[in-house]
Structure formats: C-alpha cells, structure tokens
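Engineer: Sequence and predicted structure are below.
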Amino acid sequence: MDDDVIFQVTSGFEDIAVYCSTYTSALPIILLLGFFTSTSMQRWFSLVTTMAGTTKVIANFVMSIKENQPEGHQIVQQYTRWILLGWALTFRLICKPLKRVFPNLTSLQNAGLLQPHETLLLEREPASNHPLVVIHWNLTLLKLCNRKGIFMDISDYGRNQDLLMGFKKSCGDTIKFASKNIPFALIQAVTITVYSFGLASLMARQLTEKHTPTSFIIKYFPVLNTFQYFLYYLWLKFGRLAAYPFGDDENDIDIKRIFQAHIEDAVRWLSLYSSPGLTDQLVSMSLHSSSNEWMINA
Amino acid sequence: MDDDVIFQVTSGFEDIAVYCSTYTSALPIILLLGFFTSTSMQRWFSLVTTMAGTTKVIANFVMSIKENQPEGHQIVQQYTRWILLGWALTFRLICKPLKRVFPNLTSLQNAGLLQPHETLLLEREPASNHPLVVIHWNLTLLKLCNRKGIFMDISDYGRNQDLLMGFKKSCGDTIKFASKNIPFALIQAVTITVYSFGLASLMARQLTEKHTPTSFIIKYFPVLNTFQYFLYYLWLKFGRLAAYPFGDDENDIDIKRIFQAHIEDAVRWLSLYSSPGLTDQLVSMSLHSSSNEWMINA
Amino acid sequence: MDDDVIFQVTSGFEDIAVYCSTYTSALPIILLLGFFTSTSMQRWFSLVTTMAGTTKVIANFVMSIKENQPEGHQIVQQYTRWILLGWALTFRLICKPLKRVFPNLTSLQNAGLLQPHETLLLEREPASNHPLVVIHWNLTLLKLCNRKGIFMDISDYGRNQDLLMGFKKSCGDTIKFASKNIPFALIQAVTITVYSFGLASLMARQLTEKHTPTSFIIKYFPVLNTFQYFLYYLWLKFGRLAAYPFGDDENDIDIKRIFQAHIEDAVRWLSLYSSPGLTDQLVSMSLHSSSNEWMINA
Amino acid sequence: MDDDVIFQVTSGFEDIAVYCSTYTSALPIILLLGFFTSTSMQRWFSLVTTMAGTTKVIANFVMSIKENQPEGHQIVQQYTRWILLGWALTFRLICKPLKRVFPNLTSLQNAGLLQPHETLLLEREPASNHPLVVIHWNLTLLKLCNRKGIFMDISDYGRNQDLLMGFKKSCGDTIKFASKNIPFALIQAVTITVYSFGLASLMARQLTEKHTPTSFIIKYFPVLNTFQYFLYYLWLKFGRLAAYPFGDDENDIDIKRIFQAHIEDAVRWLSLYSSPGLTDQLVSMSLHSSSNEWMINA
Amino acid sequence: MDDDVIFQVTSGFEDIAVYCSTYTSALPIILLLGFFTSTSMQRWFSLVTTMAGTTKVIANFVMSIKENQPEGHQIVQQYTRWILLGWALTFRLICKPLKRVFPNLTSLQNAGLLQPHETLLLEREPASNHPLVVIHWNLTLLKLCNRKGIFMDISDYGRNQDLLMGFKKSCGDTIKFASKNIPFALIQAVTITVYSFGLASLMARQLTEKHTPTSFIIKYFPVLNTFQYFLYYLWLKFGRLAAYPFGDDENDIDIKRIFQAHIEDAVRWLSLYSSPGLTDQLVSMSLHSSSNEWMINA
C-alpha cells in the first residue's frame, strides 16, 4: 500500500512536470510580451513627445508685452503663475507623487501658486475642471492686455490665444493618456501570466532533473533558465512602466522634478521682462567683444 | 458487443481529445489576437487624439468679437450653440447611446440646441448631411460678422474660418473612423475563433485527465488553464472595444458625458463675452495682491 | 500483385496526407497574413485620412471674395467647377468604377464639368498631367482675382494659393498610393498561398479520418476546420481590399458616391456667395429668436 | 567494405537531410522576413510621402512676383532653374541612374541647368554641399527681390523663405534616408539566409522522397514547395527594394522620369508669369461661357 | 567503476546537448530580436528626422535683419554663434565623442564659441540648463533687435521667436530621446540572451555530431550554423546601435562631423548678411546671361 501511494504521488508529480513543461514553452510568453510591450511603448513615446510644456506659452507672452508698461510686471508674472498652476492642477489628477505634494488646494496656496480668493473660486468646481478654469482666467487676462493695448502687435493677441489653446490641448491629451490607456485588467492578466510562467518553469525543472544522472546540469544550467525568466520579467516591467509612467517607480517620469524645472524655467523667462538689465548687459558686452574666431575652423 | 461499443466510444472520445489538443495550441490564437488587437488599438489611439473638440473653435470666436457690440451676445451664443449642435449631429450618427438621447431632431429642439425654423431646414436633408448644413450656417454667420465689422482684426475672419474647417474635418474623420474601420465579418471571425478555442481546450483537458492517477492536477491546474483562456478573452474584449469605441460597454468612450462636458465648457467660454465682469474682477484682484512667493523655491 | 498495388497507393496517399499535415500548419499562414494585412491596413488608413477633399479649398475661396463684385458669381462658380474637375481627373486615373463613368474627356464635358475649349487644351496633354493643368488654370484665376482686387484681404491671395497647393499635394499622394503600393506579385503570391493551404488542409483531413473508428469526428469537427480556413480567407480578403481600395468590391471605397457628395457640398458652399439670401434670413431669424435654454442643463 | 562505405555515405546523406529539414522550417524565415520587410516598407512609405517636390516652392515664387517688372522674367526663370538644379544635385548623390545621366557638373551645364560661372563656384565645394550652395543662391535672390520691392506683399518675402527652407529640409531628409537607412550588412545577411534556405529545402526534399514508394509526390508537391520558396523570394525582393528605392530595378522609383516631370511642371508654373496670355484667355473664355450644368445633378 | 564514470559523464554530456538543443531553438531569439529591434529602430528613425538643425533658425534671422545697420554684422554673428553654442551644449550632454571634444566650458571658449564673461555666467548653472540659458540670451537679443527696429517687418519678431522655440524644443526632444529611451537593463538582457544562445548552439552542435558516421556534416554545415548565429548578432548590433546612436561605433551618427558641417553652413548663411557682395555678383551675372536652354527638353 505504501508503495502504491509513493507510485501515485510520483506519477502525479511527473504529470505535473509534463504539464508544466508544456506550459513553460517560451514562445507564447514572448509573443504576448512582444505585442503588449510594443503597444504600451508606442503610447509612452507619443506621451513623452507631446507632454505639456510651459516654456513656449510663457516665453511668447513675456516677449509680446510692451516694455515699461504700468502693471506690466504683475501681468507677466500672473500669466506665468497661472500657466504653472494649470500644469500642476493637470498632473495632480494623474500622478500620485505630485498628488502627495499637493493633496489639496491649500497646499498649492501655501506654495504661492494660488491666492486665497482664487482658491474659493476653484473649490466650487470638481477637480477635473480646475485646469480649464485657470485657462479661462488666462484668456480673460489676454483680453485685458488687448483692451489695454500693451501687446507689441495686434497679431500677438491671436498668437498667445493659439499657444494657450495648444497648452490646453496638451494638458487634455495627458489626462486622456492616463484615463484612456491600456486597461488595468489586461495588464494584470499579462503580469499573472509571466509570474505563473516563472513558477511553472521552476517546477518543471526540478522534476526533470530528477532522472538525469549528473548533477552537472543543476550546477550550470538553471542559471540560464533563471536568466530566461529574468529577461521576461524585465520585459514585463518595462511594458508596465510604459503603461503607468507617472508612478513611484525609480524609472518613472519624475513629475516632481519636472515641475521644479518648469518653475525655474518660468523664472528665467520672466526675467526677460521683469529684470532684463543683467542679460541686456551680457548681450551688449558680447556684442562689443565679438570675434569670429569660431569661423576660422570652418 | 457492449465492450466493443464502449471501446468505440472511448477511442472516439480520445480522437476528439487529440484533435482538440492540436486545436488548442496557444500560438495561432496569440498571433491572431496580437495582430488584430494592435491594429484596432492603433486606430483607437489615433481616434482618441483626433476626436473633434469644441473648445478651440468656440473660445477663438468669442475672443475675436469686439466687446460691447449690438447683438454681440446673441451672435456669440448662436455660434456656440451651432458648434455644439454640429458635434451632437455628428456623434448621433455613429454612437448608439447618444442616438438614444437624441432619437430625432425634435429631441434636439427640446434640448434647446435647435430652433423650430432650423429643424424645418434640417429635415429636408438626409441625416448624414446635417453636420455640414450647420457648418454652412456658421460660415454664413462669419460672413455676417465680417460685414458688420465686429471682428477685432481682419485676420480674425480667416482664422475663424480655418478653425471651423478644422472642426468640420475632425467631425468627418470621426464618421470615417466609424464607417471605414475593421470590417464586422473579421471581428466576428476572431471572436468565434477565441470562443471555440475555449470550448476545445475544455474538452481536451477533461479527457487527458482521465488517465492520470492523481486528482491533484484537476484540483490545481485547470485553474491555470482557465486563466490562460481568460487572458485571451480579455485581450479579445480589448480589441473589440477598440474597434467599436462608441458602444454601451462600461469601458467605451462615454459620449453622453463628454457632450455634457462640452456644453459646460461652452458656457464657460461664452462668459468671456457675455458676463466678463466676474472674471475681470478676479483678474484685477489677483493682479493687485500679486506676490512672487512661488518664485522663491526656484 | 493487386495487394501490392493497393499497398503502394495507400502508402502513397498516406505520404501525401503527412506532407499535407505539415503544410497545413496554421502558424506560417497566420504570420504571413498578419504581416501582410497590417502593412496594407496601415497604408489604407493613411490613405483614408489624407484623401483629397474639396470642401476646404472651395469654401475658403468663396468666403474670401468680396460680395457684389461684377463677374463674382461666375468666378466663384468656375473655381469650384475646376476643383471638382481636378478631383475627377485624379480619381479617374486610379479608380476603375469612376473611369467607367468618365471614360473620356467628352463624358466629363457632358456632365458639365468641362467646356469645349477646355477639352481641346486638355487633349494635348497625357492623362496623368490633366489634374496639374486644371490646377494651373485655377492659379491663373487666383492671379486674375488678385489683379481685379476682389479678395477681401491681401492675405487671402496667399491663403488660397496654399490651400490649392495642399489640394494638389493630396491629389498627387492619392496617385502615388495607387501606383507605389504593395506590388501585385506579392499580393498574388499571398493569395495563392492561402488558397493552396485550404486545398492541402482539406486533403490532410480526409485521410487522417480514415483510421479513426468513429464517424463522430467527421460529423462535428470539419466544421471547425472549415471555419479556420474561412477565417484566413476573410483576413486575406481584408488585406487585399486595403491594397486595392478603389475597386468594384462592395466593401471598397465608393468613389462615385463620394464624387456625388463633393458636387452636392460644392453647391452648398457656392450658395454662400451666389445665393446668400436664404441662409442670411435663417441666421437673422435665429439671432432674433435666440434663447439660452440649452445652457440651463450645464 | 563496399557495403560499409555505401552505408556510411547513405547515413551521412540522411544526416544532412535531417539537418536540412530542421533548417528549412519555414517559421524563422517568415518571422525574419516579416520584421525586415515591414521595417523597410515603413521607411519607404515615409520617403515616398516626404520626397522633395518642386511645385510648391516654384509656383509660390512665381505667384508672388509683381507682374510687368523689369527683369521679372529672368528672375522667375532663374529661381526655377536653381530649384531644379538643387533637386538634381540632391538626387545625383543618392540615385545611381541619375548619377549616370549627370556624372559631373559639365553634364548639368550641357543640360542648361548650370551656367559656366556657376560651375566654377560649385567646383570649389565637395559634392555633398552642392544643394546647400544652390539654396544659398536662391536665398540671395529672395533678398534681391525684396530689395527691389517686386514682391506683391511684404509677407511674400517670409513665405518664400519658409518654402525654400522646407525644400532644403526635404532634400536633406532624402539624403539622410539614403545614408542612414537599414545597414547593408543586415540586408546581405537576410538575403543569404533566404537563398541558403532555398538550397537546403531543395536537398531535404530530394532525400526524404527516396524512401517513399510513390513517385506521385515528386510529380505534384515539389510544385508547392518551390512555390513556398518563391513566395519568400518575392517577399525578400520587396524588402530589398524598399531599402534601396533608387536603384536600376524596374520596380524602383524612376528618378529620371520624375526629374523630367519636374522640368515639365516647372515650365508650366513659369508660364504663369512669363506667358500668361494664353491661360488668361482660357480663363476669361471659360468665365464668359460659364454654365451651371454640373450643378443640376446635385 | 571506470565504466560507470564514463557512462555518467557521457549521459551527462548528452543531457546538456539535449538541453542546449531546446535552448538553441531559433524562434524565441528571432521574436525577441524582431520586437526589440523594430522598437529601437522606430525610435531611431524618429530621432533622425527630428534632430535639431541650425539652418532654419540661422538663415531666417539673417534674412530678417535690415541691411546696412550699425552693429548689424555683430548682431547676426552673435545670434549665429549662440545657436551653434546651444547645439554644442545640448549634444555634449548626450554624446560621448562630442563630450571628449568639449570636456568643459573652457574648451568651448577656446573654440571661440564662448566668450569669457559668458563662461562665468554659464558656470553658475548645472550643465543640463546650459542650452536653456543660451536660448534665453538669444531671446534677449531678439528683444534688442525689435527695440532697435532692425527687423525688416514687425512679423519677423514673432517668426524668429517661433523658430527659436522650435530649436529649443528639438534640443529638448534630443535630450529626452537619450535619457528616456529603451532602458539599459533590457538591452543588456537581450545582449546576454543572444550571446548565450551562440554558446549553447555551439555546444549542442559538437555533441550531436559525435554520433554521426560522416565528417561531411562537420565540414560543410557548421558554416550555415555559424552564419545563422552571425545573422542574429548583426541584428542585435543594429538594435543596440539604434538604441544608443551617439556612441563611438563607426556606424553611429557622427556628431563631431555634423557639428563641423553646422559651423560651415552657419558661415555660409552668415555671408548672406556680412559679405553679400560675392553672391550678389553671381546672381546678377546669372540673371544677365540667363537662357532657357533647360526648358527645351520639356
């Protein structure tokens, strides 16, 4: 009876081993990962190239305002602040690390991006509308500038509108990317497939090794086997990363750092209006000491 | 004789099992799904990014009309209403849920998007021409504005035409997407393939398990098998979803909600002309209490 | 000897069956079809989105001509007719159904799209140059309008040139698509492969069934087998359709219907200049009875 | 001993046959060809749609010069000639058949595209810079036109610059395509793979047929086998064609014929300035005999 | 005992050979390489077509400055130098060979691209901000030109801003490409897979050959086997090249040569302003000796 049990268990194990061997065929996994990853990467690359930037819209506004206007400094600064605010309100909706930095409107107010009376107005609207509201304010500011006649040229009114609309569209596209991307259920399924493949390949290996007479194989080749699994794991991880690019992973897009860079850049472009003295000095200094040394090599 | 019958039945069943095992090879299914889904997804992503929006065309018109004009409010409001009407008439053609909300022109009239005399004119044309007719009206309105000289600048006449033509094109592209997409017969065939694969894999499984001595396998591994099928089912569902994005499924694009959002946005942009008082107040309040606190971190 | 012959024939048949079974492996067929169809579909989708339209170029011209000009009606109508003529001359080159409608220039003259003296000029050139000649005429017309000073604004001269050049380019791209697409020899080869696969899979099936003891399989499973072949056939048909989108197939792009729609649209846009009375009336009627009922829901 | 040798040879041959059978598995070849061809075709299609055209840049220049200017004819003609020269100098670099037509600058001079003193200047520069030098001349010509004030409108100066820069960019992109495309070594490797596959599949067939009792198979099925190989050969040829589109193959893009067409078109656009009489006559004839017959069908 | 050891070793070796044979299946490798390479090539082609160029931004600036202005030469030269500096500072960040040419700001100063007081300002900022700082200087220069009124037309101010912003964006995209491309870990894994496949396929071959009676196979067929491996190696190399296009490999994009070409081009465009005499002479010479010989063939 004991023998029978052992036989049953052994043959049962062997069955599993055979089953696992079929299951661990690398081809379906590779195809699955290939299609999944190339799809999520195409999306990710298109996101990276279209992600909303603030430089163009800010620099163009600053450049198009006449110099030495009353309230010129405040207007330019306010437009810039609202662009940054719109950016922050957009990425807050889709990026958890930024959401942790700005959990509510008060935190944005504390960062100086929002004024108290603006907070009151924003609080009346759902969070998904906040970026639109801020763009609405900026459009009003453009109208005000036009009414005051502080644009360098009549065409600047239209150009700034176009750039603001472009900014609005890329904010909207980013939200669309986050909400209308590869569905969660599919990613979960691919993940479980790869993990269960790893488990099954482990079992299949241990059992087939049993009837080999050498321990040589055990020593060297499971390394290759594990490596193969590791490759699929890496591939999967890359596909997941591309599907959720705004998470906490160290390879994710670091929105917090990018926002900081946007603020620093904004200050730089602002200085074109607010404190042009220093750069003007540099420009004229360079002009007077100009040399064509660099042309000699050509 | 009894034995013979049993043998015949058994061997017949075994034949089917063998046949099914060949049929249930995962590779063709994965390749089929891979190519099918990546094609329909590429189409879907391109739809999502090019889907007609109303913001740009409305906001630009509102911004380009001189302030304090007689009939200014009505003109701006009418242009906006017709843009929304054109959007609704477009998506009514291709999206069943919206078709249920607006089954006929009277329902649009009840929603205030259409006036009685406009309904009479639209009824003379086939439904597929309705969006074009409404764009025709808006072009006439642009001519009227130009004749009245209420554009801020001569270039606004051309810019608004361009934006209106862009709106027309994206409406046309959306209809093209719905009518000239992956053919129904192909999708149906892929669906039946995946379903019959599920059935065949079930039969193959039950029979091979017969001659294994342990029930261990039955307990644990059909789970994995079912899971594999579930993965293909999910993949297929995703591909179908991408091919028919405007259906009733909970993952489909919710056109009704989007239309509601377009109306709300339109009201917001309209307020730039119709009731600028409130936002102007906000803008000047913000201007006078401006601080550069946010720059300090930079 | 009889037995030997029977044996020889039988074993010969079995060899064929084995050969066919190898040949009927679904994988190469699926891969072949997958790559072929996804390539031709990518091309097809890009064609559908870039196919030359007439709306933009016509509507912009009509909108840019000053009202109440002498010969204004004729100029606007002639420009429109030539755009439609250019479209017809382009698609005649690549689309057989349209070629049957307009087999020669006389048929276009009978349709009123060409005048007798224009036919004489076109007949001097090869058919592939006809669209270019007509665009040349339209450029001359633009120059005439500019000389007469009947453009609303100086920039309209340039904008209409740009749009006309865009129209020329999309006509050229369509011809390129038809002449520089997936080569005929490759499509023919893929087609024969799928057909011979169907034949081979049929033979393989009949022979293997011989040594199965049950007729059960014959009854139910060839259904699945035929279905599998039907799927490949559908896939192939879709790929071929995408490679030759302008044929006689019922799923092909119906160029004749599209041309009819372009004519109807052209008449609509023309009415913006020629008979604005009716639409103007509608616009002012709507303006005076305007209500903001639709805003209430927002 | 004889028997032993025969046995050795036979079993050696069988080994090769088995080896060949493994090697002739169609799947790797199909995958290799699938990825290779779809990559080179994507590149090729993008080349075909972006290949430098001369129409837009020439026609716009001709249309933007005021009529009846002194030297107007010469200026327009010279600009056109230099655009054609730039095109020829670009495609000479990458297309062998055109290189044979224009082996050196003297041949271009003989064709009337280059004047003797221009040849002297070009000879100082390496061939890869020639297109840039000619664009430099055209920029100078634009400056001259601006200085002379013969542009219809101030904006024409900028527009012609933009178009010239666009022409320069598409010339540069074409050169990039030819120099930075799929590397030669890879194409060579794919080619040898397909050829050796053909050889191996031939050997495998001849040997396996030895032990089949019927000659039936030899009669009918090698046809299918050869056909399969022929398919791969076609596929490969198509991929190679897409990788080197400017060669001597009859399916290649016929640059010589295209250049001839560009010259003919250029003469057509030039006639807009140089000899407008004929077309003007046509336009006014058409205007006076205009009918709206074509509208009746609508 | 000796026999037993030999048996153990032999059977152990045979196990490895069998293991290696499974491992050396070409399909997973081909699929892996196919997906990997087509992804990295798509990225690479998009890089090549969008890589920042300096021609457009420089030539447009030069063309838009009024002739014979005080300091005109210096302004035009300085703008050009800063564009080239911005390009060099960008590619220094991502391209090792250029980093070796310009290891620090002093080396740029020695090349005449940077002036001492500019170096001082740049040193205050992190290297990743350098391109932005230089674009900031150029924006200031544009403001100065506008203030001085040396633009040919008011619209030139805006156009040059747009081009400068376009230059900024393409610099940013290039940096994004280098930093947010296919992750290093994945490439490493693919590389090791292909190398270990080569090793395994070598072992599998040597052992299976042992029990074949002919040395014929060893003589001829390892050639094919090695060739197959060589193909994968080539494919991999191509994929890696596309992932890191700015390295030291001879097939990489030669940034140093490209930078030299940009400098030479810049000198050419500069001569449009600084020394137009020579080209003007050429233009008028060509004008006076113009012939329409080239039109005769048409």
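Structural biologist: Structure received. Numbering: from 1, shown residues only, chains lettered A, B, ... in the order given.

Engineer: domains in chain A, as residue ranges please.
Structural biologist: Here the domain parsing of chain A from automatic domain parsing is A:1-50+A:185-244, A:53-180+A:251-275.

Engineer: how much space between the closest residue to A:Lys148 other than its chain neighbours and chain D?
Structural biologist: Counting by CB to CB, 6 or more residues apart in numbering or on different chains, A:Gln69 is the residue found nearest to A:Lys148 once chain neighbours are left out, at 7.7 Å. For the C-beta atoms, the positions are set from N, CA and C on the backbone; glycine is no exception. Look at A:Gln69 and chain D: by CB to the nearest CB, to the nearest Å, they are 27 Å apart.

Engineer: before we move on, what about A:Ser46?
Structural biologist: A:Ser46 sits 16 Å away from chain D, going by CB to the nearest CB.

Engineer: In terms of helices and strands, where is that residue?
Structural biologist: For A:Ser46, the host element (DSSP states H and E) is helix A:26-50.

Engineer: the inter-axis angle of that helix versus helix B:26-50?
Structural biologist: Calculated by axes from the mean of the first three to the mean of the last three CA atoms, to 10 degrees, helix A:26-50 forms an angle of 10 degrees with helix B:26-50.

Engineer: Relative to chain B, which residue of the stretch 51-200 of chain A is the closest?
Structural biologist: In the stretch 51-200 of chain A, the residue that lies nearest chain B is A:Gly112 (3.0 Å; CB to the nearest CB).

Engineer: Look at that residue and say how many residues are nearby.
Structural biologist: The number of residues packed near A:Gly112 is 16, by other CB atoms under 10 Å in any protein chain shown.

Engineer: tell me the secondary structure for it?
Structural biologist: Under DSSP: H, G, I helix; E, B strand; the rest coil, the three-state class of A:Gly112 is coil.

Engineer: re earlier: kindly reformat the domains of chain A as TSV containing mean pLDDT.
Structural biologist: TSV is the format used below for the domains of chain A (pLDDT from 0 to 100):
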stretch	mean pLDDT
domain A:1-50+A:185-244	69
domain A:53-180+A:251-275	91
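
Engineer: Packed most tightly, which of these would that be?
Structural biologist: Mean neighbours per residue, mean count of other CB atoms under 10 Å in any protein chain shown, is largest over those for domain A:53-180+A:251-275, with a mean of 19.

Engineer: following the helix holding A:Ser46, which helix or strand shows up next?
Structural biologist: Taking DSSP H and E, what comes next after helix A:26-50 is helix A:55-64.

Engineer: For the stretch 51-200 of chain A, just list every one of the helices.
Structural biologist: For the stretch 51-200 of chain A, helices defined by DSSP state H, counting those that start in this stretch occupy the ranges A:55-64, A:72-94, A:96-101, A:105-110, A:116-123, A:130-148, A:154-179, A:184-208.

Engineer: got the ones you listed as CSV, with distance to D:Pro126 columns?
Structural biologist: Formatted as CSV, the helices of the stretch 51-200 of chain A follow (distance: least, CB to CB, whole Å):
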stretch, distance to D:Pro126
helix A:55-64, 37
helix A:72-94, 47
helix A:96-101, 52
helix A:105-110, 58
helix A:116-123, 61
helix A:130-148, 50
helix A:154-179, 41
helix A:184-208, 53
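
Engineer: Which one of those lies nearest to A:Leu272?
Structural biologist: helix A:55-64 (4.9 Å; CB to CB).

Engineer: Pull the residues that contact that closest one.
Structural biologist: Here helix A:55-64 makes contact (CB atoms under 8 Å, 6 or more residues apart in numbering or on different chains) with A:76, A:79-80, A:83, A:151-153, A:156, A:159-160, A:163-164, A:166-167, A:265-266, A:269-270, A:272-273, E:139, E:142-143, E:157-158, E:161, E:165, E:168-169.

Engineer: Also stretch A:170-177?
Structural biologist: Stretch A:170-177 is touched from outside by A:43, A:47, A:50-53, A:86-87, A:90-91, A:93-94, A:128, A:131, B:48-49, B:53, with contacts defined as CB under 8 Å, 6+ apart.

Engineer: sorry, back to before: mind listing what the residue nearest to A:Lys148 touches?
Structural biologist: Per CB under 8 Å, 6+ apart, neighbours of A:Gln69: A:Ile75, A:Lys148, A:Ile150.

Engineer: In CSV: those residues, plus distance to E:Arg240.
Structural biologist: Formatted as CSV, these follow (distance: CB to CB, whole Å):
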residue, distance to E:Arg240
A:Ile75, 51
A:Lys148, 57
A:Ile150, 54
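
Engineer: how many other residues sit next to A:Ser289?
Structural biologist: Per other CB under 10 Å, the neighbour tally for A:Ser289 reads 12.

Engineer: Distance check, the residue nearest to it when sequence neighbours are not counted against A:Met285.
Structural biologist: The shortest distance from A:Ser289 to any non-neighbouring residue, by CB to CB, 6+ apart, is to E:Gln115 (5.9 Å). Going from E:Gln115 to A:Met285 by CB to CB, to the nearest Å gives 8 Å.

Engineer: Just want the phi and psi numbers for A:Lys66.
Structural biologist: Per-residue torsions, A:Lys66: phi -60, psi 150 (degrees, to the nearest 10).

Engineer: Check the gap between it and chain E for me.
Structural biologist: For A:Lys66 relative to chain E (CB to the nearest CB), the value is 10 Å.

Engineer: That residue and E:Arg147, how far apart?
Structural biologist: 11 Å.

Engineer: Surely A:Gln115 touches B:Ser289?
Structural biologist: Yes: at 5.9 Å, A:Gln115 and B:Ser289 qualify as touching, with contact defined as CB atoms under 8 Å.

Engineer: Using CSV, list the CA coordinates for stretch A:150-159.
Structural biologist: The C-alpha coordinates for stretch A:150-159 follow below in CSV (Å, rounded to 0.1, in the frame of the first residue of the first chain):
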residue,chain,number,x,y,z
ILE,A,150,0.0,96.5,-24.2
PHE,A,151,0.7,93.9,-26.9
MET,A,152,3.6,94.8,-29.2
ASP,A,153,1.5,93.9,-32.3
ILE,A,154,-2.2,93.2,-32.9
SER,A,155,-1.2,89.7,-34.1
ASP,A,156,0.2,88.9,-30.6
TYR,A,157,-3.3,88.7,-29.3
GLY,A,158,-4.1,85.8,-31.6
ARG,A,159,-0.8,84.1,-31.3
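
Engineer: who's in contact with it?
Structural biologist: Under CB under 8 Å, 6+ apart, the answer for stretch A:150-159 is A:60, A:64-66, A:69, A:72, A:75, A:142, A:145-146, A:160, B:63-64, B:152-153, B:155-156, B:159, E:146, E:154-155, E:157-158.

Engineer: Contact partners for A:Thr50?
Structural biologist: By CB under 8 Å, 6+ apart, the contact list for A:Thr50 reads A:Ser170, A:Asp173, A:Thr174.

Engineer: 7 Å instead, please
Structural biologist: By CB atoms under 7 Å, 6 or more residues apart in numbering or on different chains, A:Thr50 lies in contact with A:Ser170, A:Asp173.

Engineer: Rounded mean pLDDT for stretch A:280-289, please.
Structural biologist: Here the mean pLDDT over stretch A:280-289 is 83, rounded to a whole number.
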